[in-house]
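Asks: what follows is a predicted structure for the sequence shown.
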Amino acid sequence: MLRAFHTNWTRPFFVRNPGVAYALDAFELLTTALSALVWRRKNGPVRMICDSEAKRYYQSLGLCFLWDEGVHPLLDTVPQDVNPMAFWAAGKLYALSAMPAPCVMIDTDFICWKPLAPLVGGLDAAAVHREDIAPDIYPGPAAFPHTRGFDFTAFDWSVQPLNTALSYFGSDDFRRYYTDTAIRFIRSSPGADDALTYMVFAEQRLISMCAVKQQARVAALSDLPALFGGGQNGYFTHIWGFKQQMCDEPALYADFCRRCAARLRRDFPDAAMRLARVPVLEVYFTG
């Protein structure tokens, strides 16, 4: 049994959308439901670690039942000096800092269809795949001029980053070292002015750098060709690369949501009945 958690930190949404009521797209809610329910069936318990605004939103839709270990608004305590534009996924790192190992951090748009335990035995940490060191995404230390007091020279810059859409932590010592280091970088960069490079360094490059520094046993669970080409034996689905395409093509968006609803009706009929009562989702469960 592996305990997992989702996260939802809404501060970046409100900074980008002042005066707008918080809401998620229908496809986000449907993939969240599949992610949680499939995890519970195949792996173990799951909780949502979020802030109070996110909890109120899930309560208003009647969706808190998705997480059998509850919805916990721990992210209200994320410090105000954390830059939500540059560090839009900082909530994941703060949530992980509060979640003892062994645990699995999983994005709400990521589905793990099979038991994960056989893949992570004996590891201190694991993540879904390695990433190439593309200089526009993973630049060198000179690209972080707004960071003060963080020792970039302490790390090996040749090691490939790890994509943490799903990541496992078996060692509590490594989990604490990684989150302490990443949060220290975030707190050292209040003036960060790039919405990509700072966040992926904190979340995805530092995990592999920290692993090398600590001599931790870390592995990638798949690779990009297998993940998107079907060669990883049906273990994982990650929606991330499909989101913009759906938003640009209404017919594709609707078809995806209907296919999610059909899968939920087939595999989780009781949950599907409750999801079908959510106004924004109702249309996809009818017909």
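Replies: It's in.

Asks: show me the contacts for residue 201.
Replies: 138, 144, 185 (C-beta atoms under 8 Å, 6 or more residues apart in numbering). (Each C-beta comes from the backbone N, C-alpha and C, glycine too.)

Asks: the last one should be in a helix, yeah?
Replies: Think residue 185. Yes: secondary structure of residue 185 (DSSP: H, G, I helix; E, B strand; the rest coil): part of a helix.

Asks: ok, it - contacts?
Replies: Taking C-beta under 8 Å, 6+ apart, one finds 147, 150, 201, 202, 206 in contact with residue 185.

Asks: please name the nearest non-neighbouring residue to the second one.
Replies: Spatially, and ignoring its direct neighbours in sequence, residue 150 is nearest to residue 188 (4.3 Å; C-beta to C-beta, 6 or more residues apart in numbering).

Asks: residues near the one you found, how many?
Replies: By the criterion of other C-beta atoms under 10 Å, residue 188 has 15 neighbours.

Asks: quick one: residues contacting it.
Replies: Contacts of residue 188 (C-beta under 8 Å, 6+ apart): 147, 148, 149, 150.

Asks: where do the strands sit along the stretch 151-287 of the chain?
Replies: 162-169, 218-220, 236-238 (DSSP state E, counting those that start in this stretch).

Asks: could I get the ones you listed as a markdown table with mean pLDDT?
Replies: Listed next are the strands of the stretch 151-287 of the chain as a markdown table, based on pLDDT from 0 to 100:
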| stretch | mean pLDDT |
| --- | --- |
| strand 162-169 | 97 |
| strand 218-220 | 97 |
| strand 236-238 | 88 |
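
Asks: could you dump the ones you listed to TSV with distance to residue 247?
Replies: As requested, the strands of the stretch 151-287 of the chain are exported to TSV (distance: least, C-beta to C-beta, whole Å):
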stretch	distance to residue 247
strand 162-169	19
strand 218-220	29
strand 236-238	17
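
Asks: ranking the ones you listed by burial, who's on top?
Replies: strand 162-169 (a mean of 25; mean count of other C-beta atoms under 10 Å).

Asks: which other helices and strands does that strand contact?
Replies: strand 103-106, strand 110-112, strand 125-130, helix 206-214 (3 or more C-beta pairs under 8 Å, 6 or more residues apart in numbering; DSSP states H and E).

Asks: could you redo the ones you listed as JSON lines and give each row mean pLDDT?
Replies: Below are the helices and strands packed on strand 162-169 laid out as JSON lines (pLDDT from 0 to 100):
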{"stretch": "strand 103-106", "mean pLDDT": "98"}
{"stretch": "strand 110-112", "mean pLDDT": "95"}
{"stretch": "strand 125-130", "mean pLDDT": "96"}
{"stretch": "helix 206-214", "mean pLDDT": "98"}
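
Asks: can you add distance to residue 22 and give the ones you listed back as JSON lines?
Replies: Shown next, in JSON lines, are the helices and strands packed on strand 162-169 (distance: least, C-beta to C-beta, whole Å):
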{"stretch": "strand 103-106", "distance to residue 22": "21"}
{"stretch": "strand 110-112", "distance to residue 22": "21"}
{"stretch": "strand 125-130", "distance to residue 22": "28"}
{"stretch": "helix 206-214", "distance to residue 22": "29"}
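
Asks: right, and these - which one's nearest residue 239?
Replies: strand 110-112 (7.4 Å; C-beta to C-beta).

Asks: report the next helix or strand after that closest one in sequence order.
Replies: helix 117-120 (DSSP states H and E).

Asks: now that following helix - C-alpha only, CSV.
Replies: Extracted C-alpha coordinates of helix 117-120, given in CSV (Å, rounded to 0.1, in the frame of the first residue of the first chain):
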residue,chain,number,x,y,z
ALA,A,117,5.0,-0.7,-5.6
PRO,A,118,6.7,-3.3,-7.9
LEU,A,119,8.5,-0.4,-9.6
VAL,A,120,9.9,1.4,-6.6
